[in-house]
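J.: Quick one, what's the 3D model for this:
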Amino acid sequence: MNDGVNGVALAVFIFFFVLVTAMGFMAARWRRAENEHSLDEWGLGGRSFGTWVTWFLLGGDLYTAYTFVAVPAAIYAAGASGFFAVPYTILVYPLIFTFLPRLWSVSHKHGYVTTSDFVRGRFGSKGLSLAVAVTGILATMPYIALQLVGIQAVLDVMGVGGGEDTNWFVKDLPLLIAFGVLAAYTYSSGLRAPALIAFVKDTLIYIVIAVAIIYIPIKLGGFDDIFAAANDKFTASGNGGVVPGAGGQWTYATLALGSALALFMYPHSITATLSSRSREVIRRNTTILPLYSLMLGLLALLGFMAIAAGVKVENGQLAIPQLFENMFPDWFAGVAFAAIGIGALVPAAIMSIAAANLFTRNIYKDFIKPDATAAQETKVSKLVSLLVKVGALIFVLGMDKTVAINFQLLGGIWILQTFPALVGGLFTRWFHRWALLGGWAVGMVYGTVAAYGVASPTQKHFGGSSDEIPGIGEIGYIGLTAFVLNVLVTVVLTVVLRAVKAPDGVDETKPADYTADAGDPGVQVELPPATAGSSH
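T.: This next block holds a predicted model:
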């Protein structure tokens, strides 16, 4: 790692950072609405994005700086088992093709801004809606923190901030500046800012990966030498080579499946989805988003390249930034670092907006101020988006980085427990609202306790996301085991509650709502009475 600052790389990084900052503030004027004081406008971009804007927004949302840093870092540390991210992103798109268009249609018809809005409307249960909202916020917070970790990793490799003995304020000042800029343009421009910046972010990432996958292997002697070096490392470490043994197959498969089920449960994924202008835009995106999976497969190979290049880092998250530093000319290293840095800003903005929308619509409006106007909702959401980012910043600056990673893994386990209420509710109302709440509680408690009991060589608790599957004896993803328990409890309780004729909530949706499109006759956004007059 450089002892001093890499001035050329830093200059290139600053250039792109200033560029996207300007774009972030300019986004407030992009497709400006007549009335900006509503969550539809600030939090969903006016529900106006077409196929390509939605594609870049979803890509910027799902493929983050953490993806750029952590996926190849997993390959660098654990070998081919880290490739689980590739099949799970392939599995997820046929899955979401079945339910995202239905969610978009019913949300457009009734003016739903969050998944909790839909759950409350479908099952007539504020308690279940609150559970989904709280889970979404808890799962999103450490995810935002990890985007800031990604920026910090790049700054560390560039030598910005000084060494470990440097005054804490000077050391963290670059991150504080990046945070301040992110908070400012998100507050002013809402979802339009990351939507516009996503074009730059994804273009840079594609360029960097295309160059890296050709240029670095040439410098290292080709892929034969790269895979041989990786195999030697993992054989010497006692892992049996690049490909893990049969004992790791259950872990690999359950982690891929569980991650696929969880990905579009995250609030930021749904926020980007609901910002599109039609049902057909969603259907088209599910067919072209797999292009990102191709990119992810190539990105993962960087982990093996880091091994072959002799990169030695104590923190695996620094492996890829350090590889770029070592292998690229300084100016292109700056481009690569900018891709990672901007890859953090886009999803962090969307995540903070999504978490703020959940708080505003499903906690503030449902339980604190039911008569809030659309303008008041927007103001609260803007303020909460700032608080969410401040919380993430404190998380990063005040805790060990492994804690942030552990909580993100825990967040994946938690968010998966909202799947039965959301996806189940899109296709059937047979599940009873109290049963869904009971299943959610069992899944949350089991997943949290099981994850707490997992140890690693460096920590006693929350050392990973895999544990023994009860009744099978194999090691598998805790989130998927918790999800299965969740579904079983939900089904059993539903049978019991239906038998005793427990009261259902009021379903405000109709079958036709789930297939409606923006251009269909009579289809228009219906808003709750308290906000109807002030939103349009």
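
J.: contacts for stretch 123-134?
T.: If you take C-beta atoms under 8 Å, 6 or more residues apart in numbering as the criterion, stretch 123-134 is touched by 114-117, 119-120, 358-359, 361-363, 366-367, 418, 421-422, 425, 429, 433, 436-437, 440-441, 504-508. (Each C-beta comes from the backbone N, C-alpha and C, glycine too.)

J.: Which members of the residues you listed are positioned in helices?
T.: 115-117, 119-120, 358-359, 421-422, 425, 433, 436-437, 440-441 (DSSP state H).

J.: Emit the ChimeraX select command for whichever of those are buried.
T.: In ChimeraX, this line selects whichever of those come out buried by 16 or more other C-beta atoms under 10 Å:
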select :115,116,117,119,120,358,359,421,422,425,433,436,437,440
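
J.: ok, so of the ones in helices among the contacts of stretch 123-134, who is nearest residue 248?
T.: Set against residue 248, the nearest of the ones in helices among the contacts of stretch 123-134 by C-beta to C-beta is residue 440 (29.8 Å).

J.: surely that closest one meets residue 417?
T.: Yes - using C-beta atoms under 8 Å, residue 440 makes contact with residue 417 at a distance of 5.1 Å.

J.: overlap in contacts of these two?
T.: Common neighbours of residue 440 and residue 417 (C-beta under 8 Å, 6+ apart) are 135, 486.

J.: Distance of residue 232 relative to residue 362?
T.: Distance from residue 232 to residue 362, counting by C-beta to C-beta, to the nearest Å: 53 Å.

J.: Compare those two and say which is more crowded by neighbours.
T.: residue 362 (26 against 14; other C-beta atoms under 10 Å).

J.: Return the residues in contact with the more buried one.
T.: Residue 362 neighbours (C-beta under 8 Å, 6+ apart): 114, 116-117, 120, 129-130, 132-133.

J.: For those, give me TSV that also has pLDDT and distance to residue 224.
T.: Output for the contacts of residue 362, formatted as TSV (pLDDT from 0 to 100; distance: C-beta to C-beta, whole Å):
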residue	pLDDT	distance to residue 224
114	95	50
116	96	52
117	96	54
120	96	57
129	97	55
130	97	56
132	97	50
133	97	52
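
J.: Would you reformat those as CSV and include distance to residue 245?
T.: CSV is the format used below for the contacts of residue 362 (distance: C-beta to C-beta, whole Å):
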residue, distance to residue 245
114, 43
116, 43
117, 46
120, 47
129, 45
130, 44
132, 39
133, 42
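
J.: Which pLDDT value belongs to the residue sitting nearest the centre point of the chain?
T.: In the chain, the residue lying closest to the centroid (C-alpha atoms, centre = their mean) is residue 62, at 5.3 Å. Per-residue pLDDT puts residue 62 at 77.

J.: thinking it is in contact with residue 270, fair?
T.: No - using C-beta under 8 Å, residue 62 is not in contact with residue 270, being 11.8 Å away.

J.: Give me the distance between the residue nearest to the centre of the chain and residue 178.
T.: 21 Å.

J.: tell me which residues in the longest helix seen in the chain are buried?
T.: For the chain, the helix with the greatest residue count under DSSP H is helix 126-158. By neighbour count on 16+ other C-beta under 10 Å, the buried set for helix 126-158 is 126, 128-158.

J.: Packing partners of the strand or helix carrying residue 261?
T.: Residue 261 belongs to helix 249-263 when assigned by DSSP states H and E. If contacts are counted by 3 or more C-beta pairs under 8 Å, 6 or more residues apart in numbering; DSSP states H and E, helix 249-263 sits against helix 85-110, helix 401-416, strand 466-468, strand 475-477, helix 478-499.

J.: For those, which has the smallest mean pLDDT value?
T.: helix 401-416 - the lowest mean pLDDT of those, at a mean of 79.

J.: residue ranges with poor pLDDT in the chain?
T.: Per-residue confidence for the chain (pLDDT under 70) gives these ranges: 1-3, 31-36, 161-171, 238-241, 247, 399-405, 519-536.

J.: mind listing what the residue nearest to residue 488 when sequence neighbours are not counted touches?
T.: Using C-beta to C-beta, 6 or more residues apart in numbering and skipping residues adjacent in sequence, the residue nearest residue 488 is residue 439, 7.7 Å away. Going by C-beta under 8 Å, 6+ apart, residue 439 touches 417, 420, 485-490, 493.
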